[in-house]
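Asks: Sequence first, predicted model second:
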Amino acid sequence: EVLLNLAMDKSNIGAKSAHVFGSCCAALFASPIKLVRAQLQIWSDPGTYHPDAVTIVSEKLTSSTQPLGSLVEDPDASDVLNSLVGMMVEVHASRLLWRILSDAVAFLIAGRSKRSDEAWAVVLKTTQGIFTQAATAIAADSA
């Protein structure tokens, strides 16, 4: 949180803080939901952050070799993924969202989930949300 607060500075301090936070992402993968929440926080009000902060967390998350699949077992996973679905059009959330879902499917198929039924429900609900939003957008464009 301290680094994210510093990343609000528009000077070099903000830029350096954003890059340091990005470097710390790997260590924070023990709780991937915190990382995704940080990205959502930045995307929800990007003007308050240094421009580097807007993209650096997402780049680190989507390019990391650490898996994000365990996120779907978190009690807050549905809310976080729904927020990502809601931001898909406004920001480039779709790349992060598909990364989480593909990791989640691999995580579940590999049998590493302790609560697989609940985790599958989160994945399926999120996928349904994506298609519902796409269908709504297509219908609006056709009208």
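Replies: Sure thing, it's come through. What you are looking at is a predicted structure, and each value in this text was computed from that prediction instead of being measured.
Asks: tell me, what residue is most central in this protein?
Replies: Centroid-nearest residue in the chain: Val36, 3.9 Å away (criterion: Cα atoms, centre = their mean).
Asks: Least confident secondary structure element in this structure?
Replies: Taking mean pLDDT, DSSP states H and E as the measure, helix 2-6 is the helix or strand of the chain with the lowest mean score, a mean of 71.
Asks: So Asp9: helix, strand or coil?
Replies: Secondary structure state of Asp9, per DSSP: H, G, I helix; E, B strand; the rest coil, is coil.
Asks: So it versus Pro51, what's the distance?
Replies: Separation of Asp9 from Pro51 (Cβ to Cβ, to the nearest Å): 12 Å. (Each C-beta comes from the backbone N, C-alpha and C, glycine too.)
Asks: average pLDDT for the helix ranked longest in the chain?
Replies: Ordering each helix of the chain by length in residues (DSSP state H) puts helix 116-142 first. Per-residue pLDDT over helix 116-142 has a mean of 92.
Asks: For it, enumerate the helices and strands it packs against.
Replies: When contacts are defined as 3 or more Cβ pairs under 8 Å, 6 or more residues apart in numbering; DSSP states H and E, helix 116-142 packs onto helix 77-87, helix 93-109.
Asks: Tabulate the ones you listed (JSON lines), appending distance to Cys24.
Replies: What follows is the helices and strands packed on helix 116-142, written out as JSON lines (distance: least, Cβ to Cβ, whole Å):
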{"stretch": "helix 77-87", "distance to Cys24": "19"}
{"stretch": "helix 93-109", "distance to Cys24": "17"}
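Asks: mind checking which of those is nearest Phe21?
Replies: helix 93-109 (15.7 Å; Cβ to Cβ).
Asks: Just the buried residues of that closest one, please?
Replies: By neighbour count on 16 or more other Cβ atoms under 10 Å, the buried set for helix 93-109 is 93, 96-97, 99-101, 103-105, 107-108.
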